[in-house]
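**Q** Model the structure of this input:
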Amino acid sequence: MADECTHSAGIRRVVPSALGCEECLRIDSIWVHLRLCRTCGHVGCCDSSPNKHATRHFRDSHHPVMRSFERGDDWGWCYVDEVMLEPAPR
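**A** Below is the predicted model of the structure:
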């Protein structure tokens, strides 16, 4: 595990792709918390959700950084370096 995120240069201002988890909305499933991809704006559900779509998005796309898409949360995560980003870059 790295001490810091080595992918922060790739963080972009993105437009969220949906107001909920894209895939869960399509399959009429539930989610616990939402995550926003900082490369493309994909909104997916967290690993506490049944389908873990945010992590699946990372595995499929290799987009390294996400941030919480929950009101009041101000943190992010780099999947590659396994490091928390606090506060998450906006």
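
**Q** where does Glu22 fall, phi/psi-wise?
**A** With angles defined as degrees, to the nearest 10, Glu22 sits at phi -50, psi -50.

**Q** Pull the contacting residues for it.
**A** Counting by CB atoms under 8 Å, 6 or more residues apart in numbering, Glu22 touches 42-44, 53. Any C-beta I mention is one placed from the backbone N, CA and C, and that applies to glycine too.

**Q** Do a quick rundown of the strands in this structure.
**A** Here the chain has its strands, by DSSP state E, at 34-37, 43-45, 65-68, 76-78, 83-85.

**Q** Against Ile30, how distant is the closest residue to Glu86 other than its chain neighbours?
**A** The shortest distance from Glu86 to any non-neighbouring residue, by CB to CB, 6 or more residues apart in numbering, is to Trp75 (4.9 Å). As judged by CB to CB, to the nearest Å, Trp75 and Ile30 stand 23 Å apart.

**Q** cool, and Trp77?
**A** Note on Trp77: its distance to Ile30, by CB to CB, is 22 Å.

**Q** Repeat that for Glu4.
**A** Plainly put, Glu4 is 34 Å away from Ile30 if you go by CB to CB.

**Q** Return the residues in contact with the residue nearest to Glu86.
**A** Per CB under 8 Å, 6+ apart, neighbours of Trp75: 67-68, 84-88.

**Q** Report how many residues lie close to His7.
**A** Around His7 there are 19 other residues, counting by other CB atoms under 10 Å.
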